[in-house]
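Undergrad: Only the shape, not the letters, is given here:
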């Protein structure tokens, strides 16, 4: 064991618990950065403490034995990794402690990029980085691939990214060489990740390579598919070896088809079937629908290591190149079951695919037939610069066809034919073709059973070529001396290319001088146009100011008119309410009048009955006049009582009539006519009653006088 008491880098000190280990800090581990005076670390209060804490965390994580040399080298790595725009520390074995220190110390820096690819920060370190992401609003690039982060850490990172909303690149995947430390995602983490994708509307790159999203179920892909649907800026989607099923791939393609921003799509290593290619073909066939963009911006497609695609799916995919909606530049279909029939479709599609620059068809079933068809269409193709047919059974005849193509093609720069059964004849044919080709720069011919004689002939033929830079012939029967001679030729070509650089630079200087003169003339013209534009802008500004004033006046008048209309409408509503109240009151008055008339009719009926009873009684009295002599005193009293009752009833009726007249005088003008009619009716009835009563009284008086006369006559007669 070795211990250290003080770690001092210019004044700052700390005492880390260091244990011995067998690891060493690799000298080549440096990140991109700028000079020290540009570092944002200069804004920290204590830069030594910043470096010390990260170094101490790294020592704890790696258990490396401390030494001053390691400390200096680690500080140099940190200084280079910490630039004015970001922090890049790749492949240093940074663990939880180092990640926590980084997350704590970088909170004060305006980082735009955080790249900790190929470390081992795990869940706890990811949580610390999540806090840093939340507190760094300028951050746009986050790369935490190959860090052995579990679902819990991914969940915290996704939640932080969702709150951040400014990421343009989210990289959690890794390359095939780092699958041992690939990150892990479960359903909850996938849901949070989908929400983060949806929230970051400026996200351009989504890298989840080798993250086993479909290990348990395909729900993660459904969530991500829903998140990327109609995403406004997503350009790159990498889902290599994620356990995605064919159905999930088809659903994702259908979602991506609703927006035209995706340019890079990687579905490699997911064991997809030809149905995925059919879904892609259907999407392109339906591009003319109103809810889909006119063109498909996909330019790079990687579906290698999907052998179930087979010849049928390959042919469907190659036929898509004929579509005007998809302009691919890079296509990788290695180990996809491509056969000669599918290659024939590819060869025919090359006449329409004018933008394709790279085609990779490694580890397929292509033979000399497919090679011959491909060569014929590549002779005049003006875009393809990279072609890989390694690990195919091309044979000598297929390679000879490719060599014939190189005699006419002046665009192709890289040709890979490893393990393609080139043989001696094919090797010599390639040598003849390359000798006259001035564009080919990279050629791979490993493991092709080429003998030394063919190798020597190939080398002699290459003596005429001055442009090829790299040739690989390992795994053949070529002697060491021949290989050394080949290397010498390649070195000569590289040196010649380097020597051509000054001449090119001189020509470039002349061209730049000419461009400078043109630029000066353009600047003069631009100054004149700028001056003219400023005048026009001033006039436009004055006109706009006038329009703005007129618009303000118009808006003010409109507001006043609207306010006036609102008040008038309110008055109309109030009047309507008042009219409604008056009508209600009028209806109530009518009801009261009807009730009063009903009561009057009842009283009139009662009076008529009483009058009939009185007439009946009077008739009875007339019949009994003969008996009044014996009962004249009593009858006189009865008549007087009846007369008093009639007078009392008459007075009561008159009193009631006066009360009704006073009550009805308060009615409005609208019911005056009705009141007049009612009053007239009441007046006539009253007069009739009074006349009847007067007549009755007159009759009674006449009867009384007559009786008095009879009494007087009887008395006189009695006296006599």
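TA: Noted; the coordinates are in hand. Fair warning: this is a prediction, and the values are worked out from it, not measured in the lab.
Undergrad: Using the three-state scheme, assign residue 539.
TA: What DSSP: H, G, I helix; E, B strand; the rest coil gives for residue 539 is helix.
Undergrad: sorry, that was for residue 206
TA: What three-state DSSP gives for residue 206 is strand.
Undergrad: got a list of what it touches?
TA: Applying CB atoms under 8 Å, 6 or more residues apart in numbering to residue 206 gives the contacts 170, 197, 228, 234, 236, 237, 238. Using the backbone N, CA and C atoms, a C-beta is placed for each residue, glycine as well.
Undergrad: Could you list which of these belong to strands?
TA: 170, 236, 237, 238 (DSSP state E).
Undergrad: Name the member of the residues you listed with the most neighbours.
TA: residue 170 (23 neighbours; other CB atoms under 10 Å).
Undergrad: would you list every one of the helices in the stretch 551-700 of the chain?
TA: Secondary structure of the stretch 551-700 of the chain (DSSP state H, counting those that start in this stretch): helices at 628-664, 672-719.
Undergrad: rank those helices by mean pLDDT and give me the bottom one.
TA: When mean pLDDT is averaged over each of the helices of the stretch 551-700 of the chain, helix 628-664 scores lowest at a mean of 78.
Undergrad: what angle sits between it and helix 672-719?
TA: If you take axes from the mean of the first three to the mean of the last three CA atoms, to 10 degrees, helix 628-664 sits at 160 degrees to helix 672-719.
Undergrad: contacting residues for residue 670?
TA: Taking CB under 8 Å, 6+ apart, we find residue 670 in contact with residue 586.
Undergrad: cool, residue 299 as well?
TA: With contact taken as CB under 8 Å, 6+ apart, residue 299 is in contact with 263, 264, 327, 328, 329, 330, 355.
Undergrad: What separation is there between it and residue 341?
TA: Distance of residue 299 to residue 341, computed by CB to CB, to the nearest Å: 26 Å.
Undergrad: wait, is residue 409 part of a helix?
TA: No - with three-state DSSP as the criterion, residue 409 is located in coil rather than a helix.
Undergrad: Compute the number of surrounding residues for it.
TA: Neighbours of residue 409 using other CB under 10 Å come to 22.
Undergrad: Next: residue 411.
TA: Neighbours of residue 411 (other CB under 10 Å): 14.
Undergrad: Could you do the one 10 residues further on as well?
TA: Using other CB under 10 Å, residue 421 has 19 other residues around it.
Undergrad: Helix, strand, or coil at it?
TA: coil.
Undergrad: Kindly report the same for residue 392.
TA: Quick answer, by three-state DSSP: residue 392 is coil.
Undergrad: can you pull out the strands in the stretch 301-450 of the chain?
TA: Secondary structure of the stretch 301-450 of the chain, counting by DSSP state E, counting those that start in this stretch: strands at 330-332, 358-360, 386-388, 414-416, 442-444.
Undergrad: Within its sheet, name the partner strands of the fourth one and how each one runs.
TA: I take that to be strand 414-416. Note on strand 414-416: by DSSP bridges, its sheet partners are strand 386-388 (parallel), strand 442-444 (parallel).
Undergrad: Show residues contacting that strand.
TA: Taking CB under 8 Å, 6+ apart as the rule, strand 414-416 contacts 362, 385-390, 402, 406, 440-444.
Undergrad: what's the answer for the third one, then?
TA: In this structure, residues lying in contact with strand 386-388 by CB under 8 Å, 6+ apart are 334, 357-362, 378, 412-416.
Undergrad: Could you do the first one as well?
TA: Contacts of strand 330-332 with the rest of the structure, by CB under 8 Å, 6+ apart, involve 268, 299, 300, 301, 302, 303, 304, 356, 357, 358, 359, 360.
Undergrad: same deal with stretch 238-249?
TA: Here stretch 238-249 makes contact (CB under 8 Å, 6+ apart) with 173, 176, 179, 206-215, 218, 221-222, 225, 252, 264, 266-270, 272-273, 275-276, 279, 302, 305.
Undergrad: among those residues, which are in helices?
TA: If you go by DSSP state H, the contacts of stretch 238-249 have 221, 222, 225, 252, 275, 276, 279 in helices.
Undergrad: what about the fifth one, neighbour count?
TA: Here the neighbour count serves as a burial measure; for residue 275 (other CB under 10 Å) it reads 17.
Undergrad: Grab the nearest non-local neighbour of it.
TA: Spatial nearest neighbour of residue 275, chain neighbours left out: residue 246 (5.2 Å); criterion: CB to CB, 6 or more residues apart in numbering.
Undergrad: Just the pLDDT for the one you found.
TA: pLDDT, residue 246: 92.
Undergrad: Next: residue 326.
TA: pLDDT recorded at residue 326 is 68.
Undergrad: again, but for residue 502
TA: 75.
Undergrad: All good on my end, thank you.
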